[in-house]
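Engineer: Fold the following.
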Amino acid sequence: MPQLQNLTLTDRQGTPVAHTFTPRDIVNGVGTVIESSGIPIGNNRVSVSLTRTQSGKYKAKITSAFPIVQTQTINGVSTPVVVRTHYASLEFTFDESSNQAERDNFVGMMRDSLSVTNPLTNDVLVKLQGVY
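Structural biologist: The predicted structure follows:
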């Protein structure tokens, strides 16, 4: 069982930047890590959980919320405001008879599906282009 710990994720900037998320809390079996922006409403969050369905299947889920914050000035008072938020949810369902090698291969293929070298998925997700 993994301990809630730092999570480092690298972005796709021209010179990639490693973003470090630090443990925030565990609530009802959901572990959350944050990348602090210095303004709590602007913290990027990643949550990880594992549950078991009534039919015995395992559901592993990773969710994230990355708010975009701007400073709003009204009557000379400046306050941070969330102007939009990017969300992602990735859920895997595994049969209880699956083995570790099967799960490892499946997770690896899903990771690879997000590669910039796969235009089908990359262009839909990044360029917001529809499939034809």
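
Engineer: In contact with Ala60, which residues?
Structural biologist: Applying C-beta atoms under 8 Å, 6 or more residues apart in numbering, we find Ala60 in contact with Val48, Ser49, Leu50, Glu91, Phe92, Phe94. The way it works is simple: take the backbone N, C-alpha and C, and place the C-beta from them, glycine included.

Engineer: Thr19 belongs to a strand, doesn't it?
Structural biologist: Rather than Thr, residue 19 is His. Yes. Counting by DSSP: H, G, I helix; E, B strand; the rest coil, His19 is found in a strand.

Engineer: ok, it to Asn75 distance?
Structural biologist: From His19 across to Asn75, the span is 35 Å (C-beta to C-beta, to the nearest Å).

Engineer: Looking at these two now, which is surrounded by more residues?
Structural biologist: When His19 and Asn75 are compared for neighbours, His19 comes out ahead with 14 against 4, by other C-beta atoms under 10 Å.

Engineer: So for stretch 43-52, mean pLDDT?
Structural biologist: Over the span of stretch 43-52, the pLDDT mean works out to 96.

Engineer: So which residues of this structure form helices?
Structural biologist: 100-113, 119-125 (DSSP state H).

Engineer: which one of those helices is the most hemmed in?
Structural biologist: By mean neighbour count, with neighbours taken as mean count of other C-beta atoms under 10 Å, helix 119-125 ranks first of these at a mean of 13.

Engineer: I'm done for today, thanks for sticking with me.
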